[in-house]
Each structure stands twice: as structure tokens, then as C-alpha cells.
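K.L.:
Predicted coordinates and the sequence they were generated for:
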Amino acid sequence: MFVRTAGERDLAAVRTLLVETWHATYDALYGTAKVTEITDEWHSIASLRSRLTRPNSEFLVADDGKRIGGMAFAAATADAKVILLNQLYVHPDCQRRGIGQALLDEVEASFPEARVLRVEVEEVNGSAIAFYRSKGFLPVGTAADSPEASRSTTLNFEKPLG
């Protein structure tokens with residue numbers, strides 16, 4: 001798969017990837033209905049479309065010409081030297097093939113002035129925590145999840161850049 005900037009024509013496939021990945025990851029923890037509710041809001045076409053034009057951000061897909069196997073979205077914070085990796089997802093069928101690393105590499109390259117890459121990971125998502133730790137992210141604290149999600153504690157990780 002190669003990594004490229006996402007476009008309008010990718011949104012339906014990205015939504016499908018996110019819905020399938022969220023159900024595979026979280027159904028057993030939160031239940032199918034809650035995961036559907038979250039993905040309907042957070043991963044709607046309108047929500048994804050808004051990311052395409054957000055200033056100081058990068059919306060990426062991993063594409064093999066037949067399917068979208070992964071996606072990432074990152075944006076600069078108020079401090080342009082700190083980038084928040086809002087999303088990095090790889091479809092369960094495509095995991096452990098280097099797609100997450102390729103997306104992460106491109107996110108880092110997209111923000112050459114950045115000094116810190118920050119990500120929030122749900123405490124119950126052990127595989128994501130292991131992935132980020134293996135890529136040089138260090139724990140920097142915890143925060144309560146957003147009230148509308150009513151899920152687990154979020155762990156904050158940062159990776160120094162540059």
C-alpha cells in the first residue's frame with residue numbers, strides 16, 4: 001500500500017474502514033449499539049469531509065489501488081510545534097504489514113517544524129498502546145474521556161520529533 005493525501009472520493013471507503021475497525025476493536029468492550037452510535041457521529045461522511053479542508057492538518061490514506069487499508073488524520077495544535085494525531089487506524093485485515101508505520105512516517109514528514117507528536121489512546125486498547133510505545137511514544141498522563149462517549153480513561157502519549 002502507498003500513502004497519499006485523502007480526497008473526497010475516499011470518504012465512503014474511509015468511513016467503512018473506520019466503522020469496521022471500531023466494531024472489531026470495541027464491540028466486546030462497549031457493545032455493538034454504543035460503537036454504532038459513536039461511529040455514526042464521529043465517522044459520518046460530513047465529519048470526515050470537514051477534515052479535508054481543515055487548516056494545518058493532514059488527512060492520509062493507505063491505498064493499494066483496490067482498497068483503503070488505513071488512514072490517519074493529524075493537525076497542529078495552538079502551538080504549531082505540537083501535532084495531535086487525532087486518528088490512525090488500520091483495517092484488521094491489513095494490520096501488522098507496516099501500514100501503521102507508513103502512515104505515522106508520513107504524518108511526521110508532513111509537519112517538518114513540529115517537535116512533538118501527541119496521541120490519546122483508550123486505556124483498554126492494549127494493541128494501540130503497544131504500537132505507539134514501539135514507535136517511541138512515551139506516556140505523559142491520563143485524562144477523562146469526553147462525557148458523551150462515557151468510556152474508559154484516555155492515556156496521553158508523546159513522541160519527540162526532530
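P.N.:
Great, that's in hand. Keep in mind that what you see is a predicted model, and the values were worked out from it rather than measured.
K.L.:
What would stretch 5-16 look like as CSV? C-alpha coordinates only.
P.N.:
Output in CSV follows, covering the C-alpha atoms of stretch 5-16 (Å, rounded to 0.1, in the frame of the first residue of the first chain):
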residue,chain,number,x,y,z
THR,A,5,-3.5,12.6,0.8
ALA,A,6,-7.1,11.7,1.2
GLY,A,7,-9.7,13.2,-1.2
GLU,A,8,-13.5,13.5,-1.5
ARG,A,9,-13.7,10.2,-3.4
ASP,A,10,-12.1,8.4,-0.5
LEU,A,11,-14.6,9.3,2.2
ALA,A,12,-17.0,6.4,1.8
ALA,A,13,-14.2,3.9,1.9
VAL,A,14,-12.6,5.7,4.9
ARG,A,15,-15.9,5.6,6.7
THR,A,16,-16.3,1.9,6.0
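K.L.:
Next, the residues that contact it from outside, please.
P.N.:
Stretch 5-16 has contacts (C-beta atoms under 8 Å, 6 or more residues apart in numbering) with 43-45, 48-49, 51-52, 58-61, 63, 67-68, 71. Heads up, the C-betas are built off the backbone N, CA and C, glycines and all.
K.L.:
closest to A102 among those?
P.N.:
The nearest member of the contacts of stretch 5-16 to A102, counting by C-beta to C-beta, is L60 at 9.1 Å.
K.L.:
Okay, and the beta partners of that closest one?
P.N.:
Note on L60: beta-bridge partners by DSSP bridges are T5, A72.
K.L.:
For it, give me its contacts.
P.N.:
Residues in contact with L60 (C-beta under 8 Å, 6+ apart) are 3-6, 71-73, 103, 106-107, 110.
K.L.:
Among these, which one sits closest to L18?
P.N.:
Using C-beta to C-beta, M71 comes nearest to L18 of the contacts of L60, at 7.2 Å.
K.L.:
so where's the protein shaky on pLDDT?
P.N.:
144-152 (pLDDT under 70).
K.L.:
still on that earlier bit, just the buried ones among the contacts of L60, please.
P.N.:
Buried by 16 or more other C-beta atoms under 10 Å: 3, 6, 71-73, 103, 106-107, 110, out of the contacts of L60.
K.L.:
Run through the bridge partners of E122.
P.N.:
The partner residues for E122, given DSSP bridges, come to T154.
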